[in-house]
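> sequence first, then the predicted structure:
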Amino acid sequence: MEPSVTSEIGQLREVILHRPGRELRRITPANREDLLFDELVWVDRAQQEHDAFAELLRSEGVRVRLLDALVTETLADPQVRTAVIERRATLDSCGVELVDRVREHLGELAPDQLTDALIGGVTVAEVPGARDGFVGGVLGPHAFLVPPLPNAVFTRDPSAWIAGGVVRSPMAMPARRPEQVLWEAVYEHHPDFAGRAPVWYGDARGLHSSLEGGDVLVLSPRCVAIGLSERTHPIAVENLAARLFEVGAAAYVLAVELPKTRGTMHLDTVLTVVDVDAIVLWPRMRSGASVRRIEPGVDGRMRVTEEPDLVAAIAHGMGVDRLRVVTTAEDEVVADREQWDDGNNTLAVRPGLVFAYDRNVDTNRRLRLAGIDVHTIEGFELPRGRGGPRCMSCPVVRDPIAG
């Protein structure tokens, strides 16, 4: 099946996940904030929860691709392997004296061990002789020469498919930017992806304003909604919109202004689609949200108009007259608690069937009352990096919606 995503709810056929691993064991009280985690993670439990999530997807007929396997298969090519190592072990991460030694160490690893090192990180102590030099001696044995990527479990953000093309997201936070090296390698060189899809935004030919996949909702073949969040820049939204218009991948884009806070870091933390005519929404977004409709204009300019009503704009973008809105509770306290716990961050497997964390009892109850089939997964450890089922999944293939 060719990669294609033209909605948020079409039957999910193929998805990329990342099973959390050694990179989460690298999080400490001292570095957790820099690595974007609110708390330390019980890794064994997180793996159990993720395994159950993956198995539930498979039980619904979804082909689950694991990022580490894709990277390992890609690194079987010696030239790709060398290029990836050189991009992860750099002068800035290792220093002039150690960079060649670190690259040599990585180059001697088997492909699966190399993948583990590129995602899990490499410390001074793990590189033979690294403690003997200036950098290794000053930094100490536990300092990273190749930083770990603990947020790799959230595969939605570095890569977002729209129609038959992909956004290779320029990430906003320094801790996440190296993830793109691995995704670029997979999309450019893995036999299942190389040459199969154009890049709509974020190719490797220069600098780009930040844009992350959690802010991208494909409402229909005609409309894409994009959050203006703390991690997605207006310039990126305009540039992506222009590219989508150029290739006919969207007729217009809805730019939705979000509070610039960690709790609302992406559009999918406050709104996801759960059926052909239904969304789950954080109630604080229902009034006062600034929404701009961006369409092709004349002479290369964009035509921008204000949309006075978020729900009406989303309904129109989905191609329906009326939208059923399920909120994370009506009581503000409960709504804010469940929004924080990723109650809005559902993953639709097909129209009317979503995956959600079991901890969001009130939101799940309200979804079921609205006729939505909710399959729950445990969420004790996985949410500690601020992400739910949608955040942990990168859909590659969805069936088109009939009609």
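Cool, got the structure. Residues are numbered from 1 along each chain as shown.
> what sits against residue 235?
By Cβ atoms under 8 Å, 6 or more residues apart in numbering, the contact set of residue 235 is residue 209. For every residue, glycine as well, the C-beta is placed using N, CA and C.
> so which strand or helix has it?
Assigned by DSSP states H and E, residue 235 belongs to helix 234-247.
> repeat for residue 15
Using DSSP H and E, residue 15 falls in strand 12-17.
> please apply the same query to residue 44.
helix 43-59.
> who does that helix touch, helix- and strand-wise?
For helix 43-59, the packing partners by 3 or more Cβ pairs under 8 Å, 6 or more residues apart in numbering; DSSP states H and E come out as strand 12-17, helix 22-25, strand 63-66, strand 353-357, strand 373-377.
> right, so those: which one is the most enclosed?
Scoring the helices and strands packed on helix 43-59 by mean neighbour count under mean count of other Cβ atoms under 10 Å gives strand 353-357 as the most buried, with a mean of 24.
> for that one, what is the distance to the chain centroid?
Centroid displacement of strand 353-357 relative to its chain, using Cα atoms, centre = their mean, to the nearest Å, is 17 Å.
> after that strand, next one along is what?
Remark: after strand 353-357, the chain's next helix or strand is helix 361-369, criterion DSSP H and E.
> quick one: mean pLDDT for that following helix?
What helix 361-369 shows for mean pLDDT is 94.
> any idea which residue of the chain is furthest from its center?
Residue farthest from the centre of the chain, counting by Cα atoms, centre = their mean, is residue 132 at 39.1 Å.
> so for the helix or strand of the chain with the lowest mean pLDDT, what gets flagged as buried?
One helix or strand of the chain scores below all others by mean pLDDT, DSSP states H and E: helix 332-340, with a mean of 85. Residues of helix 332-340 classed as buried: 334-340 (neighbour count, 16 or more other Cβ atoms under 10 Å).
> which of the residues you listed sits closest to residue 44?
Lowest distance from residue 44 to the buried residues of helix 332-340 (Cβ to Cβ) belongs to residue 340, with 24.7 Å.
> wait, the closest one sits on residue 264?
No: when contacts are counted by Cβ atoms under 8 Å, residue 340 is not listed as touching residue 264 (9.5 Å).
> just for the stretch 151-300 of the chain, where's the confidence low?
204-206 (pLDDT under 70).
> what pairs with the strand holding residue 15, parallel or antiparallel?
Its sheet considered, strand 12-17 pairs with strand 63-66 (parallel), strand 394-398 (antiparallel) by DSSP bridges.
> give me the pLDDT for residue 13.
Among the per-residue scores, residue 13 shows a pLDDT of 98.
> for it, give its distance to residue 302.
Note on residue 13: its distance to residue 302, by Cβ to Cβ, to the nearest Å, is 34 Å.
> tell me which residues of the helix holding residue 44 come out buried.
For helix 43-59, the neighbour count (16+ other Cβ under 10 Å) marks 43, 46-47, 49-50, 53-54, 56-57 as buried.
> out of those, which is nearest to residue 189?
Checking the buried residues of helix 43-59 against residue 189 by Cβ to Cβ gives residue 54 as the nearest, at 24.4 Å.
> ok so, going back, please state the offset of the helix or strand just after the helix holding residue 235 from the chain centre?
Using DSSP H and E, the helix or strand that follows helix 234-247 in sequence is strand 252-257. A distance of 19 Å separates the centroid of the chain from that of strand 252-257, by Cα atoms, centre = their mean.
> which other residues reach strand 252-257?
Residues contacting strand 252-257 (Cβ under 8 Å, 6+ apart): 219, 222-228, 234, 237, 240-241, 244, 267, 271, 289-295, 307, 310, 313-314, 317.
> just those: which are in helices?
Using DSSP state H, the members of the contacts of strand 252-257 that fall within helices are 234, 237, 240-241, 244, 310, 313-314, 317.
> how many neighbours does the residue lying closest to residue 47 once chain neighbours are set aside have?
Spatial nearest neighbour of residue 47, excluding adjacent residues (Cβ to Cβ, 6 or more residues apart in numbering): residue 20 at 5.9 Å. Using other Cβ atoms under 10 Å, residue 20 is surrounded by 25 other residues.
> picking up where we left off before, quick one, which of the contacts of strand 252-257 are buried?
Buried by 16+ other Cβ under 10 Å: 219, 223-228, 237, 240-241, 244, 267, 271, 289, 291-294, 307, 310, 313-314, 317, out of the contacts of strand 252-257.
> thought residue 188 was touching residue 199?
No: judged on Cβ under 8 Å, residue 188 makes no contact with residue 199 at a distance of 9.2 Å.
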